[in-house]
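Undergrad: here is my input, please return the structure:
(chains A and B)
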Protein chains: 2
Amino acid sequence: MTEEFPMFATRQSVEQVEEGTALAPKFDADGLIPVVTTAARDGVVLMLGYMNREALAKTIETGEAHYFSRSRQVLWHKGATSGLVQKVVELRIDDDQDAVWLRVDVAGDASCHVGYRSCFYRSVPVGGSEAPIVLTFEEKAKSFDPVEVYGDAPNPTKL
Amino acid sequence: MTEEFPMFATRQSVEQVEEGTALAPKFDADGLIPVVTTAARDGVVLMLGYMNREALAKTIETGEAHYFSRSRQVLWHKGATSGLVQKVVELRIDDDQDAVWLRVDVAGDASCHVGYRSCFYRSVPVGGSEAPIVLTFEEKAKSFDPVEVYGDAPNPTKL
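TA: Predicted structure coming up:
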């Protein structure tokens, strides 16, 4: 048990972590754990985000997805600005407890700051070695207008 | 274009990265990009892994999932030991190109070194704040015997 977050157990053994029933998540050197978020209704991967201890605790307590924004370095209640809140249908932890899987229902059915439903809106051709590679847009239209939703908030994408 | 891996474009602008058709992946300070791997047949998240440039290039070229093993620090052709090869049905890249989604068919239908089909075999109860949390096993039985498949190879889970 950790003092600030009593819901998280201390990691004591490989057997406890892999085969046990205690939640003993591993956060990386930056205090973060990666999170895969999929749509409960059809399994589409909507985004890959990160949580710190506070974000994971708040997600478990409230049933709404909270992340840690690496670009803004703040706790991020997804949908607080856009209205696109993610309701957690199921939360899973992986074998060594260093990754989280959220199955969610999304108000407004979109999760990507560019305006698409999923952040993974482009596919990469597989099975050849020609360069350069040309990506294919798998979503044909945006679900919302990011300028309308986010105004002039800074774009989180970093080069 | 990068010299060693001509299939990867140089990241030049946010617009190019988010709205373009060039593959310009971002690798982190350790040279890695996170990868979500889901089962093509039903969308179950099988694992969250990492690729370095070589692993991503080999996955694209061969159509079989290659990762970078952080515990062993080597290129890892998934299934080379266990036979549980992952055939890539679709490979997607996210908005800022710092995450990959693989949809795969798995020989043997299991992907977790502990013996389960998915690494995410336990769920965390959501919507309460009681401590300690008790995880639920969502897979009732292992798909294979890890001792039989991996012998005495070191367990990759680290505390």
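
Undergrad: so which strand or helix has the residue most central in space within chain A?
TA: Centroid-nearest residue in chain A: A:G49, 3.2 Å away (criterion: Cα atoms, centre = their mean). Element membership for A:G49 (DSSP states H and E) is strand A:45-51.

Undergrad: list the buried residues in the helix or strand following that strand.
TA: Following strand A:45-51 in sequence order, the next helix or strand is helix A:53-62 (DSSP H and E). Judged by neighbour count (16 or more other Cβ atoms under 10 Å in any protein chain shown), helix A:53-62 contains these buried residues: A:53, A:55-60. No exception for glycine: its C-beta is placed from N, CA and C like everyone else's.

Undergrad: now stretch A:60-76
TA: Counting neighbours by 16+ other Cβ under 10 Å, one finds that the buried residues in stretch A:60-76 are A:60, A:63-68, A:70, A:76.

Undergrad: who touches it?
TA: With contact meaning Cβ atoms under 8 Å, 6 or more residues apart in numbering or on different chains, stretch A:60-76 is reached by A:7, A:32, A:35, A:37, A:49-52, A:54-56, A:58-59, A:77-79, A:85-88, A:91, A:102, A:104, A:154, A:156-158, B:124-129, B:133.

Undergrad: hmm, which of these are the buried ones?
TA: With burial judged by 16+ other Cβ under 10 Å, the buried subset of those is A:7, A:32, A:35, A:37, A:49-52, A:55-56, A:58-59, A:77-79, A:85-88, A:91, A:102, A:104, A:157, B:124, B:126, B:133.

Undergrad: show me the contacts for the residue in chain A that chain B sits nearest to.
TA: Residue of chain A nearest chain B, by Cβ to the nearest Cβ: A:G43 (2.2 Å). Residues counted as contacts of A:G43 (Cβ under 8 Å, 6+ apart) are B:38, B:42-44.

Undergrad: check the offset of the lowest-mean-pLDDT helix or strand in chain A from the chain's centre.
TA: Least confident helix or strand, chain A: helix A:146-150 with a mean of 86, by mean pLDDT, DSSP states H and E. Computed by Cα atoms, centre = their mean, to the nearest Å, the chain-centroid distance of helix A:146-150 equals 20 Å.

Undergrad: just checking, what packs against it?
TA: Helix A:146-150 sits against no helix or strand, with contacts defined as 3 or more Cβ pairs under 8 Å, 6 or more residues apart in numbering or on different chains; DSSP states H and E.

Undergrad: which outside residues touch that helix?
TA: Residues contacting helix A:146-150 (Cβ under 8 Å, 6+ apart): A:81-83, A:113-115.

Undergrad: which two of these have the greatest separation?
TA: Largest separation among the contacts of helix A:146-150 by Cβ to Cβ: A:G83 and A:V114, giving 16.5 Å.

Undergrad: so those two - more neighbours on which side?
TA: Each of A:G83 and A:V114 has its neighbours counted (other Cβ atoms under 10 Å in any protein chain shown); A:V114 has more, 20 against 11.

Undergrad: okay, the more buried one: pLDDT?
TA: Looking at A:V114, its pLDDT reads 89.
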